[in-house]
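Engineer: Have a look; sequence and predicted model below, questions after that.
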Amino acid sequence: MSTLGHAVMFTIGGQTFAMDLNHVKSIEPYKNENSSAEGLVLGYSDIRGEQAVVVDLQNFLYDQPFSVTETTRLLYVETGQVPYAIPFEEAEMINGTNVEKQDLGLAQSKENTFFSSVVLWNDQLVPVIDAFALSDSLNLV
């Protein structure tokens, strides 16, 4: 079985998720230009000279729109496809070289193909998001 490696753990809607640090380019202050009031795309943000799509992952997962607060930050993700950013409330970078990834098994479905595995972190099961598969699921390509 493989290990998590260096990753970012971030919280959306009370749930913690992990993403490989190789695809997370930075964590940025929340700014949203050309905002869209509905749907999964909240708008666009100029991050490091790139137009990143601001994606409401909370709305996508829980059918509950993300509420921006003073502490909201953006997880800037690059996959070589369309750059995107995910708003979140809390995050931490971790060294998960000793954290073993587990297959989803029966929990895998057509709706959550972007979850590649789960890890046990601080006595909590944390879904690991595949940045490429999420981009595909959100039709950002």
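Structural biologist: Perfect, thanks for sending it. Numbering: from 1, shown residues only.

Engineer: Please name every helix or strand in contact with the helix or strand that contains Leu75.
Structural biologist: When elements are defined using DSSP states H and E, Leu75 is found to belong to strand 73-77. For strand 73-77, the helices and strands in contact under the criterion 3 or more CB pairs under 8 Å, 6 or more residues apart in numbering; DSSP states H and E are strand 24-29, strand 41-47, strand 50-55, strand 84-88, helix 131-137. Using the backbone N, CA and C atoms, a C-beta is placed for each residue, glycine as well.

Engineer: go again using 7 Å as the cut-off
Structural biologist: Judged by 3 or more CB pairs under 7 Å, 6 or more residues apart in numbering; DSSP states H and E, strand 73-77 is in contact with strand 24-29, strand 84-88.

Engineer: I would like the residues contacting that strand, please.
Structural biologist: The set of residues that contact strand 73-77 without belonging to it, under CB atoms under 7 Å, 6 or more residues apart in numbering, is 8, 10, 23-30, 45, 47, 52, 54, 83-88, 91, 131.

Engineer: Name only those of these that count as buried.
Structural biologist: With neighbours counted using 16 or more other CB atoms under 10 Å, those contain these buried positions: 8, 10, 23-25, 28, 30, 45, 47, 52, 54, 83-88, 91, 131.

Engineer: center of the chain - which residue?
Structural biologist: Among the residues of the chain, the one closest to the centroid is Ile86, at 5.6 Å (CA atoms, centre = their mean).

Engineer: contacting residues around the host helix or strand of Ile94?
Structural biologist: In this assignment (DSSP H and E), Ile94 forms part of strand 90-100. Contacting residues not belonging to strand 90-100 are listed as 1, 3-11, 21, 27, 73, 75, 119, 121 [CB under 7 Å, 6+ apart].
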